[in-house]
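Colleague: Sequence first, predicted coordinates after that:
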Amino acid sequence: MSSIVRPSPAQQTRRLAVLGAAIFAIAIPILQALGNIGLSQAQFAEDGNTTLRVAGYAFSIWGLLYAGLMAYAVRQALPQTGESTLINGLGWPSFVTFFGIGLWIITAALDMKTASVVVIYASLLALLVPMLMLGRTIRETGVLDRDRMLVIWPLAALAGWLTVASPLNLITVLTANDALPATLSPTLWAIVFVAITTVFAIGVSWVLRTLAYPIPVAWGLVGAFVAHQDNNPVLSFAALGAAFVVIVFASIFTFGLRRAK
């Protein structure tokens, strides 16, 4: 739970760096869109989105994600906010991830396909690995604790969406570069990616036991269901089934086992 220990000068510097990275993450897509610089995110994906894609509306989740990460960044930067275990342990990881999602916009605008894959996976792992290491603390943080509302929820939600976005980015780049192995059909490759994402999300949900993580995963999978309804019903319903499985397992973990050691 939240601590009353005030941050040291070094810790306050880290907090300001996190706030700066959050501002960078939000400002870059706005500046890129206003300046019409390079490719938009949709244009970047068009070159390889025939194998697996999500409906455009699904990306509206970024509005909530940006609001959450800014709420987290502002709150943790305030001197009166205690230096809790979660704020301390997730400070620099969140800095890396916030900077990474801003950098991804730049790589997409410049059509740097391989770099975009490296950046998005680095952003995911930089945040998710420390969260898993802090899994027990996350599970034991009270439902109404400010760290749950303003640290766990924003960061877990961002990690959840990146869990979907990373493999989607990878399969898009592989498709654009004609690099998908011919051992499977494109539909089967897409289903494999959906299955891996599902198993991974269930495993993470077992550790974190907060719905903030699986909800964005399921949102993205439902977006794939909508996107492929007309052209690939097999893939479409596979994605819908995966979304259902993720939510069911995550709900069992969250409401039945959240405080279990």
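Modeller: Cool, the structure landed. Numbers count the residues shown, from 1 in each chain.
Colleague: Centre of the chain to the worst-scoring helix or strand of the chain on mean pLDDT, how far?
Modeller: The weakest-scoring helix or strand in the chain, judged by mean pLDDT, DSSP states H and E, is helix 41-46 (a mean of 85). Centre-to-centre, helix 41-46 and its host chain are 19 Å apart (Cα atoms, centre = their mean, to the nearest Å).
Colleague: and it, what does it pack onto?
Modeller: Applying 3 or more Cβ pairs under 8 Å, 6 or more residues apart in numbering; DSSP states H and E, we find helix 41-46 packed against helix 85-109. Glycine gets a C-beta too; all of them are placed from N, C-alpha and C.
Colleague: May I see the buried residues of the helix it packs on?
Modeller: 85-91, 93-109 (16 or more other Cβ atoms under 10 Å).
Colleague: hey, which helix is longest across this structure?
Modeller: What stands out as the longest helix in the chain, according to DSSP state H, is helix 9-35.
Colleague: who does it touch, helix- and strand-wise?
Modeller: helix 61-77, helix 85-109.
Colleague: Where does pLDDT dip in this protein?
Modeller: Scanning the chain for pLDDT under 70 picks out the ranges 1-4, 257-261.
Colleague: Nearest spatial neighbour of the residue most central in space within it, chain-adjacent residues omitted?
Modeller: Residue closest to the average C-alpha location in the chain (Cα atoms, centre = their mean): residue 162, at 2.6 Å. Nearest residue to residue 162, sequence neighbours excluded (Cβ to Cβ, 6 or more residues apart in numbering): residue 124, at 4.1 Å.
Colleague: Compute the distance between the one you found and residue 202, please.
Modeller: In this view, residue 124 and residue 202 are 16 Å apart by Cβ to Cβ, to the nearest Å.
Colleague: Please apply the same query to residue 86.
Modeller: Distance of residue 86 to residue 202, given as Cβ to Cβ: 23 Å.
Colleague: repeat for residue 36
Modeller: From residue 36 to residue 202 the distance is 41 Å (Cβ to Cβ).
Colleague: Who has more neighbours out of these two?
Modeller: residue 202 (18 against 8; other Cβ atoms under 10 Å).
Colleague: quick one: the one helix or strand the more buried one maps to to chain centroid distance?
Modeller: Element membership of residue 202 [criterion: DSSP states H and E] is helix 186-208. In terms of Cα atoms, centre = their mean, the centre of helix 186-208 is found 14 Å from the chain centre.
Colleague: What is that helix packed up against?
Modeller: Using 3+ Cβ pairs under 8 Å, 6+ apart, helix 186-208 sits against helix 113-133, helix 135-140, helix 153-176, helix 214-227, helix 233-257.
Colleague: The fourth one vs helix 153-176, what angle?
Modeller: Just to be clear, that refers to helix 214-227. 40 degrees (axes from the mean of the first three to the mean of the last three Cα atoms, to 10 degrees).
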